[in-house]
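Q: have a look at this prediction, sequence included:
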Amino acid sequence: MPTHYQGTPEEILALDTFIKLTRALNTMLNRVAAYDTLGDLTVSQFGVLETLLHLGPLSQTEICVKQLKSGGNTTMVVDNLEKQGLVRRETSVEDRRITIVHLTPAGDTLIRDVFPRHAAAITAEMSTLSAQEQRQFGALCKKLGKGK
């Protein structure tokens, strides 16, 4: 559904494009969720575990940056993962103000089990686009994300 806003041609084009982007993302997220790849993990918990799997131990601040989440949100997610025994916190020896988050063996096992299924679901959904279209779309998203 296009915008019903009666603005300038530039505004109408921008709003229509934004609506299409938002609808496509939400639709794809819903389809990926239907694969039920995450089990009992929330999307945020999965994101933290996946980040730690691929990048190794990180400070909570680094996790915030990688996940594009606030400090408060990341603290809550890490708290819950710690309660489940999936991560552990350790005070940095170089700077006691910094807390480093590590995967526990249970967390490592879980994310290594979940990630391949999740990657397969995303790959299946992205197959709507050819490899070249995926590269073009990725470049456009990167450009849009960087702004001017």
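A: In hand now; what should we look at?
Q: residue 88 belongs to a helix, doesn't it?
A: No - if the criterion is DSSP: H, G, I helix; E, B strand; the rest coil, then residue 88 is strand and not within a helix.
Q: quickly list what it is bridged to.
A: Assessed by DSSP bridges, residue 88 has beta-bridge partners residue 102.
Q: mind listing what it touches?
A: Residue 88 makes contact with 82, 101, 102, 104, according to C-beta atoms under 8 Å, 6 or more residues apart in numbering. All C-beta atoms are positioned from the backbone trio N, CA, C, and that covers glycine.
Q: isn't the last one right next to residue 87, touching?
A: Yes - counting by C-beta atoms under 8 Å, residue 104 sits close enough to residue 87 to count as a contact (6.1 Å).
Q: show me which of the two is the more surrounded one.
A: Set side by side, residue 104 and residue 87 show more neighbours around residue 87, with 25 against 15, by other C-beta atoms under 10 Å.
Q: need the longest helix for the chain.
A: What stands out as the longest helix in the chain, according to DSSP state H, is helix 9-34.
Q: list the helices and strands that one packs on?
A: If contacts are counted by 3 or more C-beta pairs under 8 Å, 6 or more residues apart in numbering; DSSP states H and E, helix 9-34 sits against helix 105-126.
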